[in-house]
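[1] Using only what follows, build the 3D model:
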Amino acid sequence: NNLYISYHGISYRKPAENFYSYSLQKNNEQDRWINTDQKELRITNLPNGDYTFKVKAQNKYEEWSDIKNLEFTINKHFSQTWWFRLLAVALIICFIYFLYQRRLALELDKLRVKRTVEAAQLKTEIAELTTFRNQFNPHFIFNLLNSIQNSIFKDDAKQANFYLSSFGNLMRKSLNLMSQKYIRLSDELDFLKAYLDLEFLRFPDKFNYRFEVNEEITEEIILMPPLLIQPAIENVLKHAFNETHSGLLIIFINKVKHQDAINIKVTDNGSGINTDSSRERDSFGLKIIEDRIKLLKIEFPHIDSFFKIHSNKNTSGTIAEFQIPLIDIKHLKR
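    Predicted coordinates:
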């Protein structure tokens, strides 16, 4: 669209000035004649369109020659054509789609890596928990055998025999429950009542206990890890009631509002948290609880699962508090 036009007229009777006159007409516009003595014309940056260049010459008598025409067309720049714009839009769409696919692939890679790590971690945790389970039964048996041994030392054969019978029933329950990943809450509570009854035989004047289960909790359809609460109760019986003969152990079970979780509190009115807190925290049974909570966090990451022991603000004693996912047996079967 940059043009150079040269023209030349011959006359022996040239005028003193304005020998030539020219007009550049676009798309049949009206002529606008310009007089000049120049024999050439330079035009830059012409817009697209159809043009007619006209030129004529005159003599000194102001007689004009015939008009010479030069017709030409300036095409649109390729960036202004419909096909280029369509191609540009298509390229932009392809680029956006490529970026989207690229980002999606990166997110999927991250998710795949995360799941691989979580799966490996879960396998490790399950293997560790299996080891804990294998160790838990001997640990539990040892504590109960100590109670039976105390009865034998007291020459109380009848109590020792009753103790052994109760102990046998309890061990059958524990072995059956520990072989499962999840058990009904009702089975867990039945086991805890049997365990506490057995311990009550050992310390009949030292403590009482009761369970308070919220009416929103349906014990038969809610699942939980087996024997999760027992170590916390064992820890209470071991440390809380050494200096009292009116101990009270209460197990509260409630549904957590605005969350698919249940809250379990094992409370006592005992001597409170020992200043040497590591003594409790290093308990083998409590270590099992903490590792099981880790497993629940991996399997149910949307639930804030935790286990903690803290002082009872209202009375003396301590509270061992659990928060675990509310696992419905119907949901798990799906």
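[2] Residue 262: neighbouring residues, count only.
    Applying other C-beta atoms under 10 Å, we find 23 other residues in the vicinity of residue 262. No exception for glycine: its C-beta is placed from N, CA and C like everyone else's.
[3] tell me which element it falls in.
    strand 261-268 (DSSP states H and E).
[4] So what are the sheet partners of that strand and their directions?
    Strand 261-268 has its sheet partners listed here by DSSP bridges as strand 247-255 (antiparallel), strand 318-325 (antiparallel).
[5] Would you format those strands as a markdown table with mean neighbour count and mean pLDDT included?
    Formatted as a markdown table, the strands paired with strand 261-268 follow (neighbours: other C-beta atoms under 10 Å; pLDDT from 0 to 100):
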| stretch | mean neighbour count | mean pLDDT |
| --- | --- | --- |
| strand 247-255 | 19 | 92 |
| strand 318-325 | 21 | 93 |
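[6] so where's the stretch 151-300 of the chain uncertain?
    151-152, 154-156, 243-245, 274-284 (pLDDT under 70).
[7] all helices for it, in order.
    157-178, 185-202, 230-239, 278-281, 284-299 (DSSP state H, counting those that start in this stretch).
[8] Am I right that residue 195 is in contact with residue 171?
    No - Residue 195 lies out of contact with residue 171 (C-beta atoms under 8 Å); the separation is 10.7 Å.
[9] Verify the contact between residue 298 and residue 119 for me.
    No - contact between residue 298 and residue 119 fails when scored by C-beta under 8 Å: they sit 9.4 Å apart.
[10] Which residue of the two possesses the greater neighbour count?
    Taking neighbours as other C-beta under 10 Å, residue 298 and residue 119 compare with residue 298 leading, 14 against 11.
[11] any idea how far residue 306 is from that one?
    For residue 298, the distance to residue 306 equals 14 Å [C-beta to C-beta, to the nearest Å].
[12] ok, now residue 179?
    26 Å.
[13] more neighbours, the two?
    Neighbour tally, residue 179 and residue 306, criterion other C-beta under 10 Å: the higher count belongs to residue 306, 15 against 10.
[14] which residues touch residue 9?
    By C-beta atoms under 8 Å, 6 or more residues apart in numbering, the contact list for residue 9 reads 19-20, 57, 65.
[15] Strands - which of the residues you listed land there?
    Among the contacts of residue 9, DSSP state E puts 20, 57 in strands.
[16] Buried subset of the contacts of residue 9, written for ChimeraX?
    Per 16 or more other C-beta atoms under 10 Å, the buried members of the contacts of residue 9 correspond to this ChimeraX selection:
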select :19,20,57
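[17] With pLDDT added, can I get the contacts of residue 9 in CSV?
    Below are these laid out as CSV (pLDDT from 0 to 100):
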residue, pLDDT
19, 92
20, 93
57, 93
65, 91
